[in-house]
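> Give the three-dimensional model of this entry:
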Amino acid sequence: MREVACAGLTGRVLEIGFGSGLNVRWYPPEVSSVTAIEPSDLGWQLSERRRARTATTIERAGLDGQRLDLADDSHDSALVTFSLCTIPDPLLALREARRVVREGGRLHALEHGLAPDESVSRWQRRWEPVQRAVAGGCHLTRDIPGLVEAAGWRIQDSEQSYLPGPGMARPWTYGYRLVAV
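Predicted coordinates for the structure are as follows:
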């Protein structure tokens, strides 16, 4: 899924929620550099080996995707994977990415969030307080396409589905992969 989410990234990439660098191996050759936004020092330390194995220049430029100390139109693409669930204000982070990515640049996202099935979304709402308490503030009920569009992005390509697994896991496994301009 990460390989598909990273396909088509080009130039200078802003990655919000860099984490332990799980996307590094999937950067296409057209990616010249990555500006990594990662609030966790532990996550950044865990990414050291992955960063050392790539020819792509990766620089940590901030801790907070909601307030980027980066110039307008300074990046060609943005990438966010499994991070919008924990950012306190994901709309603000997506607006900041829109500001930093040049006109015509693209946002690639791979996220989990609100399921379209009422029976599942009802369980997501029930489980969300527990999920937030035990999983670093992770929300289960965020409408990812709605947030992306509200931030000024226009979705060009989108896939939505449950990850494989038992039905009882559905509140945690509804995923979105999208590309927006």
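> Can you name the residues in contact with the helix ranked longest in the chain?
Across the chain, the longest stretch assigned as helix under DSSP state H is helix 118-134. For helix 118-134, the surrounding residues in contact (C-beta atoms under 8 Å, 6 or more residues apart in numbering) are 114-115, 138-141, 170-172, 174. From N, CA and C alone the C-beta is placed, and that goes for glycine too.
> Which member of the residues you listed is positioned nearest T35?
For the contacts of helix 118-134, the closest approach to T35 (C-beta to C-beta) belongs to C138, at 23.9 Å.
> What is the burial count for the residue lying closest to that closest one once chain neighbours are set aside?
Once flanking residues are discounted, C138 sits nearest to C85: 4.6 Å by C-beta to C-beta, 6 or more residues apart in numbering. C85 sits with 21 neighbouring residues when counted by other C-beta atoms under 10 Å.
> Where does pLDDT dip in the chain?
Segments of the chain classed as low confidence (criterion: pLDDT under 70) are not present in this model.
> Would you map the helices across it?
Along the chain, the segments classed as helices by DSSP H run 2-6, 41-46, 48-52, 90-100, 118-134, 144-150, 170-173.
> thought G136 was touching T86?
Yes - counting by C-beta atoms under 8 Å, a contact exists between G136 and T86, whose distance comes to 5.5 Å.
> Looking at those two, which is more packed in?
Neighbours were counted for G136 and for T86 using other C-beta under 10 Å; T86 has more, 16 against 10.
> How much space separates that one from C138?
When distance is defined by C-beta to C-beta, to the nearest Å, T86 is 5 Å away from C138.
> Check A7 too.
From A7 across to C138, the span is 26 Å (C-beta to C-beta).
> how about the nearest residue to Y174, chain neighbours excluded?
In this structure, Y174 finds its nearest non-sequential neighbour in A115, 3.8 Å apart by C-beta to C-beta, 6+ apart.
> follow-up on the earlier one: now the helices of the chain as TSV including distance to D64 and mean neighbour count?
Output for those, formatted as TSV (distance: least, C-beta to C-beta, whole Å; neighbours: other C-beta atoms under 10 Å):
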stretch	distance to D64	mean neighbour count
helix 2-6	22	17
helix 41-46	13	13
helix 48-52	20	14
helix 90-100	8	21
helix 118-134	19	14
helix 144-150	17	19
helix 170-173	26	19
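> just to revisit the earlier point, what's the residue nearest to C138 in contact with, if anything?
Residues in contact with C85 (C-beta under 8 Å, 6+ apart) are 111-113, 138-140, 142.
> Please pick the buried ones from those.
Of the members of those, the ones counted as buried by neighbours, 16 or more other C-beta atoms under 10 Å, are 111-113, 138-140, 142.
> now stretch 96-108: how far from the chain's centre is it?
Stretch 96-108 sits 13 Å away from the centroid of its parent chain (C-alpha atoms, centre = their mean, to the nearest Å).
> Having no further points to raise, I will conclude here.
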